[in-house]
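K.L.:
predicted model, plus sequence, below.
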Amino acid sequence: MNSTQKRSLPARREEELTAEVVRSFDGTASPRVGELLQGLVRHLHAYAREVRLTEPEWRYAIDFLTRTGHMTDERRHEFILLSDVLGLSMLTIAINAPTDPDATEPTVFGPFFVADAPEIGYGGDIAQGAQGEPCWVEGQVTDTRGEPVTGATIEVWEADEDGFYDVQYSDGRTAGRARMTADPEGRYGFWSVKPAPYPIPGDGPVGELLTASGRSPMRPAHIHVMVSAPDHRTLVTHVFLAGGDHLDDDAVFGVKESLIEPFTQQPPGAGPGGRTLTDRWWKLVFNVRLAREEAL
């Protein structure tokens, strides 16, 4: 008796179904789309066979994804959050990261980016009322050879000291985010607030997933940074607070050693950008190195 005959009838039926579904995409006009769909079918079917997926579990999964879609809108991207906590976001970033080892490392985009953030000049304040201790952030954008990237566009966003982004409030505020343009030397500088660790939103399906699995929902203190310039790879990254909590158990696996920087405490008095502070404040220096497009 050969190996095919030894396999049970149900197993043969399962394998034949997978093969039939894979073949159904043979005529896909785009080779890449065909590759994506057939790979998805093979792995999805293999998962269902491996865990012996039950019909109630299948129905729950459909409901879970439906609720994830219903919670997703222009201010809350629950599907991105799901991708983040499953590690798919960081895996995709790793697959597509620049090969130039001198480029600043990328990390997760996150679910709270908003396009068309307010524009500020050098020394402006992105906080716009967000609560937290004042923090001055400065740096230089260069390529990986150290040459300044003049006119690079820098977008930043962060949570307040209570761990909430502006889009998580119901009053429509815009706070803790802005965009700016690097000067001829590639330099930038702005006021913000010192970031704090926070839990990712737990009021949706992703929160259910973490609760069911006993995983921590916490993210370490960080500021989101996105930098773009012609002829360079767009960088999406964070800068993390050195010595902060949860650097070793980030819920979305986004921490990289090269992105951890000190936030140094400063005494009251004159600060950058013509600002005078009556209490302590913090300073962060975060230099960005962009990979050129030809480094792909």
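P.N.:
Great, that's in hand.
K.L.:
would you mark the buried spots in the helix ranked longest in the chain?
P.N.:
The longest helix of the chain (DSSP state H) is helix 31-51. Residues of helix 31-51 classed as buried: 37, 38, 41, 45 (neighbour count, 16 or more other Cβ atoms under 10 Å). The C-beta positions use only the backbone N, C-alpha and C, and glycine is treated the same way.
K.L.:
do stretch 252-270 as well
P.N.:
For stretch 252-270, the neighbour count (16+ other Cβ under 10 Å) marks 252, 253, 254, 255, 256, 259, 260, 261, 263, 266 as buried.
K.L.:
residue boundaries of the helices in the stretch 101-250 of the chain?
P.N.:
205-213 (DSSP state H, counting those that start in this stretch).
K.L.:
in the biggest strand by length in the chain, what counts as buried?
P.N.:
Assignment by DSSP state E gives strand 134-143 as the longest strand of the chain. Neighbour-count burial for strand 134-143, counted by 16+ other Cβ under 10 Å, picks out 134, 135, 136, 137, 138, 139, 140, 141, 142, 143.
K.L.:
so can I have a markdown table of those residues showing distance to residue 29 and pLDDT?
P.N.:
Listed next are these as a markdown table, based on distance: Cβ to Cβ, whole Å; pLDDT from 0 to 100:
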| residue | distance to residue 29 | pLDDT |
| --- | --- | --- |
| 134 | 56 | 98 |
| 135 | 52 | 98 |
| 136 | 53 | 98 |
| 137 | 48 | 98 |
| 138 | 50 | 98 |
| 139 | 46 | 98 |
| 140 | 46 | 98 |
| 141 | 41 | 98 |
| 142 | 43 | 98 |
| 143 | 39 | 97 |
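K.L.:
ok, which pair from those residues is furthest apart?
P.N.:
Taking Cβ to Cβ as the measure, the buried residues of strand 134-143 reach their widest spread between 134 and 143, a distance of 31.3 Å.
K.L.:
just to revisit the earlier point, out of the buried residues of stretch 252-270, which two sit at the greatest distance?
P.N.:
Farthest pair in these, by Cβ to Cβ: 253 and 266, 32.2 Å.
K.L.:
pLDDT below threshold where in the protein?
P.N.:
1-7, 294-296 (pLDDT under 70).
K.L.:
care to break it down by domain?
P.N.:
3-53, 78-295 (automatic domain parsing).
K.L.:
and those domains, which is most packed in?
P.N.:
domain 78-295 (a mean of 17; mean count of other Cβ atoms under 10 Å).
K.L.:
next one: that domain to chain centre, how far?
P.N.:
9 Å (Cα atoms, centre = their mean, to the nearest Å).
K.L.:
quick one, what contacts residue 196?
P.N.:
Residues in contact with residue 196 (Cβ atoms under 8 Å, 6 or more residues apart in numbering) are 132, 159, 160, 161, 162, 163, 221.
K.L.:
for these, work out which two are farthest apart.
P.N.:
Using Cβ to Cβ, those reach their maximum pairwise distance at 162 and 221, which is 12.4 Å.
K.L.:
surely residue 127 meets residue 173?
P.N.:
No: under the criterion of Cβ atoms under 8 Å, residue 127 is not in contact with residue 173, lying 11.2 Å apart.
K.L.:
which neighbours do the two share?
P.N.:
Counting by Cβ under 8 Å, 6+ apart, residue 127 and residue 173 have no shared contacts at all.
K.L.:
just to revisit the earlier point, which strands or helices does the longest helix of the chain pack on?
P.N.:
Other elements packing on helix 31-51 under the criterion 3 or more Cβ pairs under 8 Å, 6 or more residues apart in numbering; DSSP states H and E are helix 9-23.
K.L.:
and the angle for the helix it packs on with helix 31-51?
P.N.:
Here helix 9-23 runs at an angle of 160 degrees relative to helix 31-51 (axes from the mean of the first three to the mean of the last three Cα atoms, to 10 degrees).
K.L.:
now for helix 9-23, which elements pack on it?
P.N.:
Helix 9-23 sits against helix 31-51, with contacts defined as 3+ Cβ pairs under 8 Å, 6+ apart.
K.L.:
beyond the helix it packs on, next helix or strand please.
P.N.:
Note on helix 31-51: by DSSP states H and E, the next helix or strand toward the C-terminus is helix 55-71.
K.L.:
give me the residues contacting that following helix.
P.N.:
By Cβ under 8 Å, 6+ apart, helix 55-71 touches 78, 79, 82, 204, 205, 206, 208, 209.
K.L.:
that's all I had, so thanks and see you.
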